[in-house]
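Q: no sequence for this one, just the structure:
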């Protein structure tokens, strides 16, 4: 069957059906037609067909949120280092600035369609519908942003607080049900909240920022902004190692434990199935024969500690 989603209302109704026992067949063909669309409108001195540098980082974070969601669906982990160049191209978001205005918008149906395609064979039809529509609503539905703002206003005990309508409250319950069924939604929700927080931090006195048509003035934004947790950075590790161990009980590829020769650092690294087979063999040979091997890896670095390493290249160590 074909399920065509052209607007937010249709998305909520389909998500309701998927989470309340209606379900969809495994051969469901989900077609996103003009939905979802990310929209942000900022009014103030610096906002007239321009993109001040302070908003660039939050806009790039929208891209990262989508990439992490894709990696979670495709590879079972939200590490951006797992994405291939062609996947990044398919997921690239184009933000448009409307002439003579401060409206930034971006069509996201191409990216959500790619996520749905990545889920085929990994999820059944109902799970795909929940995942794709849940992500689309999380990224663009006004009620998702409004509910977060209302919670922050309540925490700060502000005099004026947003309240959700009966329909909005029901929709938040539908989304809660969806998160129970598909954990990737909970993980992406935390990413999206962090991005929304950075959007508020980008406001300056006199600005009014409306994300998904929900406005917040700069003075209130300064009160609502949360303290951000320290985030890891993506780094490239390129050095000689010895392979201490090898786990092959993974669905795709295998995981190795390595020790860096230069300083004795020990870490785990995933060898993805996409790594050319001859290079995979080099890694296994290095373990079996206790040989040195030169590895290039993408990894996360937080306060000097490396984690979530993924091997992107392997070669013999020259004498």
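A: It's in. Bear in mind the structure is a predicted one, so any value in this text is a computation, not a measurement.
Q: Strands of the chain, start to end?
A: All strands of the chain, identified by DSSP state E, fall at 2-5, 29-32, 37-43, 96-97, 103-107, 208-211, 214-217, 233-247, 254-260, 266-271, 292-302, 305-316.
Q: Can you tell me how far residue 292 is from residue 88?
A: 32 Å (CB to CB, to the nearest Å). Glycine gets a C-beta too; all of them are placed from N, C-alpha and C.
Q: Please pull out the lowest mean pLDDT helix or strand from the chain.
A: strand 96-97 (a mean of 84; mean pLDDT, DSSP states H and E).
Q: So which elements touch that one?
A: strand 103-107 (3 or more CB pairs under 8 Å, 6 or more residues apart in numbering; DSSP states H and E).
Q: Give me the contact list for the strand it packs on.
A: 34, 37-42, 51, 55, 59, 62, 93-98 (CB atoms under 8 Å, 6 or more residues apart in numbering).
Q: Using JSON lines, lay out the strands of the chain together with mean neighbour count.
A: Putting the strands of the chain into JSON lines (neighbours: other CB atoms under 10 Å) gives the following:
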{"stretch": "strand 2-5", "mean neighbour count": "16"}
{"stretch": "strand 29-32", "mean neighbour count": "18"}
{"stretch": "strand 37-43", "mean neighbour count": "18"}
{"stretch": "strand 96-97", "mean neighbour count": "12"}
{"stretch": "strand 103-107", "mean neighbour count": "18"}
{"stretch": "strand 208-211", "mean neighbour count": "20"}
{"stretch": "strand 214-217", "mean neighbour count": "17"}
{"stretch": "strand 233-247", "mean neighbour count": "15"}
{"stretch": "strand 254-260", "mean neighbour count": "19"}
{"stretch": "strand 266-271", "mean neighbour count": "20"}
{"stretch": "strand 292-302", "mean neighbour count": "18"}
{"stretch": "strand 305-316", "mean neighbour count": "18"}
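Q: Nearest to residue 22, out of those?
A: strand 2-5 (11.5 Å; CB to CB).
Q: Quick check: can you name the pairing partners of the closest one and their directions?
A: Partners of strand 2-5 in the sheet, by DSSP bridges, are strand 29-32 (parallel).
Q: Run the chain-centre distance for the strand it pairs with.
A: 21 Å (CA atoms, centre = their mean, to the nearest Å).
Q: Just checking: what are the partner strands of the least confident helix or strand of the chain?
A: strand 103-107 (antiparallel).
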